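Peer 1: can you look at this prediction? I've put the sequence above it.
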Amino acid sequence: MLELYHSINSVCAQKVRIALVEKRQEAKDHIMTLRGDQYEPAYLRLNPNGVVPTLVHDGVPITESAPILYYIDEAFSEPPLMPKEPRARHRVRMYNKLIDEYVHKSCTILTFATAFRPTFLKMPPAVWQAEIDKTPLKRRAVYKRSVIERGLDSEFVADALAQHEKLLFWMADSLKSGPYLAGNAFSNADCAVIAAIFDRMSEADWAPFKNLAPDPWPKVQALLKAA
């Protein structure tokens, strides 16, 4: 039996959903709000880092999105999501390393600096600081605190933009030689980068991203130009 703890608009969770569909596997949904439920003791027993996704297979929790992709491919053989050729397999792993170690964090930095920041600024500082300090991953609290306080002027923003640019450059380069990112077949590299959250997001999910004031794009453009 498969169970998946995830959030609708989590970029970390979407790729696991894609891999399960590719493998024609169904998982029981446990939708997380990520408004504190990720820190409840029952969930922390499954995922001590208090993040999504968590895949539970026959009662055993499997954590961290890239290793989950590799696990799914090994646990369910068809269709394969890893190429056979060593260099193509290396490319898949490099995409997942970039995304897991850099892009996911960068996405959090940019969304908290823009879409989610106004909600936190409406709270007393002690309240929102206590909330982000609940994370077992203390580095996350550091950069979330910075972008909530300083927005796009945070010292973490420029590198976050650079990581997204690097991913787009890699993708453009890979797609020069074929329709997929790592060879001639769909793979875990493609699972990792496809944006498959838009059709699942409700109006409430979309709300923080609409009608941002001030518009963050001019500042983002200036940062990209300066880089």
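Peer 2: That came in fine, so what should we check first?

Peer 1: in which helix or strand would I find Leu55?
Peer 2: Assigned by DSSP states H and E, Leu55 belongs to strand 54-57.

Peer 1: next, count neighbours for Lys210.
Peer 2: 8 (other C-beta atoms under 10 Å). (Each C-beta comes from the backbone N, C-alpha and C, glycine too.)

Peer 1: brain fart, Val60
Peer 2: A count of neighbours around Val60, defined by other C-beta under 10 Å, yields 8.

Peer 1: if we can go back for a sec, now the helix or strand just after the strand holding Leu55: buried residues?
Peer 2: Moving toward the C-terminus from strand 54-57, the first helix or strand encountered (DSSP H and E) is strand 60-63. Along strand 60-63, the positions that meet the burial threshold by neighbour count (16 or more other C-beta atoms under 10 Å) are Ile62, Thr63.

Peer 1: swap in stretch 41-49?
Peer 2: Of the residues in stretch 41-49, those with enough neighbours to count as buried (16+ other C-beta under 10 Å) are Tyr43, Leu46, Asn47.

Peer 1: which ones among these lie within strands?
Peer 2: Secondary structure defined by DSSP state E assigns none of the buried residues of stretch 41-49 to strands.

Peer 1: burial of the residue nearest to Leu98 when sequence neighbours are not counted, as a residue count?
Peer 2: Taking C-beta to C-beta, 6 or more residues apart in numbering as the measure, Leu98 lies nearest to Leu167, with 6.2 Å between them; neighbours along the chain are not counted. One way to gauge burial is a neighbour count; for Leu167, by other C-beta under 10 Å, it gives 18.

Peer 1: so which bits of the helix or strand encompassing Leu167 are buried?
Peer 2: Using DSSP H and E, Leu167 maps to helix 157-174. By neighbour count, and taking 16+ other C-beta under 10 Å as the criterion, the buried residues in helix 157-174 are Val157, Ala160, Leu161, Gln163, Leu167, Trp170, Ser174.
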